[in-house]
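Engineer: pasting the structure only:
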Ligand code: ADP
Ligand code: ZN
Ligand code: ZN
């Protein structure tokens, strides 16, 4: 087969198809599906992905592949298939779907190197090529006469590896290692020989008398409190050796993890894990919803299911939300499975991500723990996919290829005939509804471990506080309890919503929030025009100057930031030691981990933070959780606002009283009677589900209806309105009577970067023609969308961000 069918890296409607290229004979055995190639395209040379191979083409004159970038295919046949599926699902270009599955460094052309991996048995022809070096430029191989086929064999055998040089300093990681050249006895002798005044040199040699293992120079110098100047003479004298080592940049690799053994499962856990093990044994694809309160031992079930998969020589993907990917979480996995685990999270540099990915590809690890994109881990024998906190909206990608990791998981689960486990204390309504219907298999953990009870929750009505003269953002109850914890040497977590700067309007006297009369959604305050607008339909009204319910004048927009809260807190309780965790304080690499460690080491009494602290934290000494403004989320212009509020209160409450000490939760709210706040404080998911489902049904929202959200943007407001209007009209005309087509409406974020944004929302039950219709729209506007800073139309089939 000497013709390759290639998807080229030109994201556009016209190029969203396969192009045929000839394969020059020298590449015959390396070109295969999933390999990235460089191909001529018009006057340019561009990146492409080989999808399949064939013997004949319907075109006569084929141009040839110019270069082959991968020795090992970057994408497995299965991922190529998933890419195709994804492209249909999300109406994205095939090439974008392939790229979304790959680490950053593989999306462009980087300089390549060959790295020697294996000291012993280095084949003669490679010995000649490398001539004593550990790393050579890839071009040296290309000029060497060694065939690609042969190189591929060496790569497969683990003798050498192809490495991508990543230019930026931050990502390029080679470490200088220092190693003793003498044995301990000889070292002691040389210690004698060193001049007495060379104290620093003596410390270094002394160190190696005690420790013979090589170690990074940096560590050595800091351990011995010496400098490179003292090290140099020792290297020159041949006592020590310095060399560069290409470390795989495992961010946790420097740490030893205490190995943990599986717990004997409780009866409830056994009942829950049993069906999962069953479908593992039967090699069957099933979707499980593991519904268990926080601290009920879900993670232990994940760990033991994964163990089963590893015993069968298969692989596991474990997804956790980015913010839950805490060192604590990673520790549990590394502790159980040791070096078999790769970790993928956004804190890694491009190079580090690539290294972790490469470990998966080389089958050096069998478990990957990661955020959303880890769902594309290139495993070939997947045995299980687990999504923890499955309700988290961060599993949905919000740009370009708008996929939901849950859907990808289920698709891959089908292909590999393996179970998918969705776990949560507060499942997404869609998921729970499917489990109730029997489409997913429901597994329940109703009790916390060690019979720990859920923390008791107290709802504080902030309207009462105001009426009694307390204008502060802290209720008296919360303040008292905080002081009490400090006295007792216990700790507290204070949670403020990230969207503390929310833009809804609320009466401080009665808690009344202005809502859209048509959409059951809080109206958004637009400061400039002093108007309130609905972001779903086009309803708008002037900003009221008194409350329509109680005529109070204290109606105003609502919001505070964490920094402000910290200041107030310090004024009210000057002795409190506070750690603030938000985007500002965690920007630096490693800051997140450091702050949490400090809190774990009891260097602070109060951890104050945003969403970041809502998940996964497990500190035994935390006995109080305060939620400052439970309403902030409740009134977002989003039909999921109640669901998110319920989830968040439950999650945050789960941080208290996880171990021996009992926990308490204080929820401050202006609407204590709201069902999501009431039911969350009672940990009553079931009732919340029933209640919320009624509303969803009434207002035509998921899970009863599907949504499609069009967002149109352009620098010219008239243009945006006009295009959105056309889309609305077209969809109204073509879709069935049952579909609601809403719009055009300005988006909640009406202008970003000087581009106006409008939207059209479609609510529907079953519209088999919908994708084709949308493709026609996109095709129609194709030329205008190609213009620089021109028209943009995005289509989201599972919108989570409605702004
Ligand atoms: P979840 O993931 O549901 O929040 P975890 O798996 O973190 O719950 O379990 C809560 C705590 O109980 C953890 O400290 C965990 O180590 C412990 N644990 C879990 N299962 C068992 C068990 N079968 N026996 C003893 N302790 C357990
Ligand atoms: Zn009022
Ligand atoms: Zn409305």
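Structural biologist: That came in fine, so what should we check first? Computed from a predicted model, the values in this text were never measured in an experiment. Ligands and ions are numbered 1, 2, ... in the order given.
Engineer: what is the host helix or strand of residue 479 packed up against?
Structural biologist: Under the criterion DSSP states H and E, the helix or strand holding residue 479 is helix 476-488. Where contact means 3 or more C-beta pairs under 8 Å, 6 or more residues apart in numbering; DSSP states H and E, helix 476-488 is packed against strand 456-461, strand 491-495, strand 622-627, strand 664-669. Every residue, glycine included, has its C-beta placed from N, CA and C.
Engineer: that helix to strand 491-495, inter-axis angle?
Structural biologist: Using axes from the mean of the first three to the mean of the last three C-alpha atoms, to 10 degrees, the inter-axis angle of helix 476-488 relative to strand 491-495 is 150 degrees.
Engineer: residues making contact with helix 476-488?
Structural biologist: With contacts defined as C-beta atoms under 8 Å, 6 or more residues apart in numbering, helix 476-488 is touched by 458, 460, 465, 470, 474, 491-492, 572-573, 575-576, 605-606, 623-624, 626, 664, 666, 668.
Engineer: can we see that at 7 Å?
Structural biologist: If you take C-beta atoms under 7 Å, 6 or more residues apart in numbering as the criterion, helix 476-488 is touched by 458, 460, 470, 491-492, 572-573, 575-576, 605-606, 623-624, 626, 664, 666, 668.
Engineer: turn the helices and strands packed on helix 476-488 into a markdown table, including distance to ligand 2, mean pLDDT and mean neighbour count.
Structural biologist: Shown next, in a markdown table, are the helices and strands packed on helix 476-488 (distance: least, C-beta to the ion, whole Å; pLDDT from 0 to 100; neighbours: other C-beta atoms under 10 Å):
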| stretch | distance to ligand 2 | mean pLDDT | mean neighbour count |
| --- | --- | --- | --- |
| strand 456-461 | 14 | 93 | 18 |
| strand 491-495 | 26 | 93 | 26 |
| strand 622-627 | 22 | 92 | 26 |
| strand 664-669 | 15 | 93 | 24 |
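Engineer: would you turn the ones you listed into CSV with distance to residue 24?
Structural biologist: Output for the helices and strands packed on helix 476-488, formatted as CSV (distance: least, C-beta to C-beta, whole Å):
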stretch, distance to residue 24
strand 456-461, 69
strand 491-495, 61
strand 622-627, 64
strand 664-669, 67
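Engineer: I'd like those strands as CSV, with distance to ligand 3 appended.
Structural biologist: Putting the helices and strands packed on helix 476-488 into CSV (distance: least, C-beta to the ion, whole Å) gives the following:
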stretch, distance to ligand 3
strand 456-461, 28
strand 491-495, 30
strand 622-627, 28
strand 664-669, 24
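Engineer: quick one: buried residues of stretch 438-446?
Structural biologist: Using 16 or more other C-beta atoms under 10 Å as the test for burial, stretch 438-446 gives 440-443, 445.
Engineer: what's near enough to touch residue 494?
Structural biologist: 606, 608, 626, 628.
Engineer: one more time with 10 Å
Structural biologist: Remark: with contacts taken as C-beta atoms under 10 Å, 6 or more residues apart in numbering, residue 494 is in contact with 474, 478, 482, 562, 565-566, 569, 578, 580, 606-609, 613, 624-628, 652, 666.
Engineer: what do you get for residue 61?
Structural biologist: Applying C-beta under 10 Å, 6+ apart to residue 61 gives the contacts residue 22.
Engineer: and it, how far from ligand 2?
Structural biologist: Look at residue 61 and ligand 2: by C-beta to the ion, to the nearest Å, they are 76 Å apart.
Engineer: cool, residue 533 as well?
Structural biologist: For residue 533, the distance to ligand 2 equals 20 Å [C-beta to the ion].
Engineer: confirm residue 580 sits in a strand?
Structural biologist: Yes: using DSSP: H, G, I helix; E, B strand; the rest coil, the secondary structure at residue 580 is a strand.
Engineer: can you tell me which residues contact the closest residue to ligand 2 within the stretch 51-200 of the chain?
Structural biologist: The stretch 51-200 of the chain approaches ligand 2 most closely through residue 90 (43.9 Å), counting by C-beta to the ion. Residue 90 is in contact with 96-97, 100, 397, 400-404, 407, 771, 795-798, counting by C-beta under 10 Å, 6+ apart.
Engineer: now do 6 Å
Structural biologist: 401-403 (C-beta atoms under 6 Å, 6 or more residues apart in numbering).
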